[in-house]
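A.B. asks: Pasting the sequence and the predicted model now:
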Amino acid sequence: MSSTGDSLALLEALAHKTQNAAAQITRFLKEARTKGPVDGQPGSFDIPLNSPPDISAAKASLLESTMLMQQLVMSATDIQQQMTLYTQQMAAIRWICRFDVATHVPDSGTISYEDLAAAAKVPQKELMRICRMAMTAGFFQEAVQNQIAHTPTSLELRSSSPVHDTFLFMSDTGHAIVGRMPEMTEANLKLSPGQKPKTAFNIAMDTDTPFFKYIMSNPVLAKQQAAHMKTIVAAEESHIRHTVTGYDWGALPQGAKVVDMGGSTGHVSITIAQEFPHLRFIVQDLPQVLSQAAPVPAEVGDRVVFEAHDFFQPQPPSSHGADVFFIRQCLQNWSDADAAKILRTLLPALDKGKSRIVIMSVVLANPDDTEVGQREKGISRMRDLFMMQAMGGGERDLAQWKAVIEDADPGLDIVNVTKPPGSVLSVLEVRYKI
Ligand SMILES: C[S@@+](CC[C@H](N)C(=O)[O-])C[C@H]1O[C@@H](n2cnc3c(N)ncnc32)[C@H](O)[C@@H]1O
């Protein structure tokens, strides 16, 4: 945005981009949809997951260009108002989820505020004010006065959807953590050498227990956190299909062994195994996580096994010499020193000539990187700050990844970095220098 003239041209260029993307999405939905939600309702132009890549790209382009257009025309006061609006919209959704309002609204048709208040056991006046705020964010509609109905987006606020628990997690626990960032810095500025730094989470919850341990020990929070993970895996930018396409799994030899470290309940390994029948997987995670795993689908049952393993401990003999040690979305939870320790602990299990470590994580773009949009940069930075606030970890740029890997062992090298189109996560292949 160099001169005023350029900025004026930019605003129009962004409007054109938006128009083209909107036309592409509309055409696609018209062709694809035999019957569906009515145009004009919030969420009715949302494209299905697994849409063709050009349609996913059109959606990303529309979100990016409309965001940039707003930034071009807004003053600081406008931004402050917008951010305050988001805060109140989030507060409204938190209240709605807490009292499970969306579950009491019929899936189709309407309900009066009076009947809804009685069903949700909440005061009618508050309900009306709060639902009307949620409507400004696209949740619920009131086409007939005093009669409330779902929109495609508010259907996702029913307690049966993981979005419900994710909203509760982010607006309750997440909000409390995010709000303590200055106190985290103040506390850590007073630390004596050798003392363990505090996270915003430690301060918000008044505990020294680490984030994951604390969450896992509370069944309500553990359920909400699991739902949060599900929504992340389902989100376009971190969708599991990027894991299938983002690495050349097909090039691995027949019977190759993949160790999925911190693999949770196996959702990633199972999906890759379904696409690549020549691969075998060992899913490792902490015992309390593995105990929540559902039975492995029969078609991959003999190729996906679970193994309780703490990745700060040496690898068990079963995984020695594996072709791939796969670490997806784990190392950002840890400080650089701990991330290097996790890698170093695993090294004795590597067959130097054959094994590789494949890390799938965010590689942060620099602010001047024009290949990556502002929205994607925002999402990566949002994750980065939350990792710092909750766990003392963080996302890394390429230089920081190189430093962590070199700290683990200077003999290691990042031999390849790729980023599947539409994915916020990159794939780093790490091997011993030959
Ligand atoms: C953000 S999740 C990523 C899960 C999965 N890899 C994915 O991509 O969806 C991080 C995982 O690390 C696991 N984890 C945390 N501490 C661990 C440890 N010490 N040893 C093994 N796994 C651990 C957690 O239980 C969780 O499943």
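C.D. replies: That came in fine, so what should we check first?
A.B. asks: State the phi and psi torsions of the residue of the chain at minimum distance from the ligand.
C.D. replies: Scanning the chain for the residue nearest the ligand gives residue 262, at 3.1 Å (criterion: Cβ to the nearest ligand atom). Every C-beta, even on glycine, is put in place using the N, C-alpha and C of the backbone. Backbone torsions for residue 262, taken as degrees, to the nearest 10, come to phi 60, psi 40.
A.B. asks: doesn't residue 327 make contact with it?
C.D. replies: Yes. Counting by Cβ atoms under 8 Å, residue 327 is a contact partner of residue 262 at 6.4 Å.
A.B. asks: These two - which one has more neighbours?
C.D. replies: Set residue 262 next to residue 327 and count neighbours by other Cβ atoms under 10 Å: residue 327 wins out with 24 against 21.
A.B. asks: so what's residue 422 closest to, chain neighbours aside?
C.D. replies: Leaving out its chain neighbours, the residue that sits closest to residue 422 by Cβ to Cβ, 6 or more residues apart in numbering is residue 56, at 5.1 Å.
A.B. asks: coming back round to it: and the residue nearest to the residue of the chain closest to the ligand when sequence neighbours are not counted, what does it touch?
C.D. replies: In this structure, residue 262 finds its nearest non-sequential neighbour in residue 330, 3.7 Å apart by Cβ to Cβ, 6+ apart. Applying Cβ atoms under 8 Å, 6 or more residues apart in numbering to residue 330 gives the contacts 261, 262, 311, 342, 361.
A.B. asks: Give me the distance between the third one and residue 359.
C.D. replies: Pointing back at residue 311 there. In this view, residue 311 and residue 359 are 13 Å apart by Cβ to Cβ, to the nearest Å.
A.B. asks: The two - which one has more neighbours?
C.D. replies: Taking other Cβ under 10 Å, residue 311 and residue 359 do not tie; residue 359 has more neighbours (27 against 22).
A.B. asks: picking that back up, which residues does the residue nearest to residue 422 contact?
C.D. replies: Contacts for residue 56 were tallied using Cβ under 8 Å, 6+ apart; they are 47, 236, 422.
A.B. asks: Tell me the spacing between the last one and residue 318.
C.D. replies: Here the distance between residue 422 and residue 318 works out to 35 Å (Cβ to Cβ).
A.B. asks: Can you pull the phi/psi pair for residue 76?
C.D. replies: Residue 76 adopts backbone torsions of phi -60, psi -40, taken as degrees, to the nearest 10.
A.B. asks: And for residue 142?
C.D. replies: phi -130, psi 70.
A.B. asks: That one: what's its closest spatial neighbour, skipping adjacent residues?
C.D. replies: Using Cβ to Cβ, 6+ apart and skipping residues adjacent in sequence, the residue nearest residue 142 is residue 148, 5.7 Å away.
A.B. asks: repeat for residue 171
C.D. replies: The shortest distance from residue 171 to any non-neighbouring residue, by Cβ to Cβ, 6+ apart, is to residue 94 (3.7 Å).
A.B. asks: show me where the stretch 1-150 of the chain has strands.
C.D. replies: Counting by DSSP state E, counting those that start in this stretch, the stretch 1-150 of the chain has strands at residues 111-112, 141-144, 147-149.
A.B. asks: any chance of those in a markdown table, plus distance to residue 335?
C.D. replies: Formatted as a markdown table, the strands of the stretch 1-150 of the chain follow (distance: least, Cβ to Cβ, whole Å):
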| stretch | distance to residue 335 |
| --- | --- |
| strand 111-112 | 50 |
| strand 141-144 | 46 |
| strand 147-149 | 47 |
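A.B. asks: all helices in the stretch 1-150 of the chain, in order from the N-terminus.
C.D. replies: 4-32, 53-73, 76-98, 101-104, 113-120, 124-135 (DSSP state H, counting those that start in this stretch).
A.B. asks: Go through the ones you listed and pick out the most buried.
C.D. replies: Comparing those on average neighbours per residue, with mean count of other Cβ atoms under 10 Å, the densest one is helix 101-104 at a mean of 21.
A.B. asks: Pull the distance from the helix or strand bottoming out on mean pLDDT in the chain to the chain's centre.
C.D. replies: When each helix and strand of the chain is scored by mean pLDDT, DSSP states H and E, helix 219-234 comes last, with a mean of 84. Relative to its chain's centre, helix 219-234 lies at 10 Å (Cα atoms, centre = their mean, to the nearest Å).
A.B. asks: could you point out which element follows that helix?
C.D. replies: helix 241-245 (DSSP states H and E).
A.B. asks: Could you give me the buried positions within that following helix?
C.D. replies: 242, 243, 244, 245 (16 or more other Cβ atoms under 10 Å).
A.B. asks: For the chain, give me the ranges with low pLDDT.
C.D. replies: For the chain, the stretches flagged by pLDDT under 70 are 1-8, 34-39.
A.B. asks: Show me what from it comes close to the ligand.
C.D. replies: Contact residues (Cβ under 6 Å from any ligand atom) of the chain with the ligand: 212, 233, 262-264, 268, 285-286, 289, 310-312, 328-330.
A.B. asks: Select from those every entry located in strands.
C.D. replies: Judged by DSSP state E, strands contain the following of the residues of the chain next to the ligand: 285, 328.
A.B. asks: most neighbours, which of the residues of the chain next to the ligand?
C.D. replies: residue 263 (28 neighbours).
A.B. asks: what sits against that residue?
C.D. replies: 269, 281, 283, 284, 285, 326, 328.
A.B. asks: quick revisit: can you tell me how far the residue of the chain closest to the ligand is from residue 382?
C.D. replies: From residue 262 to residue 382 the distance is 21 Å (Cβ to Cβ).
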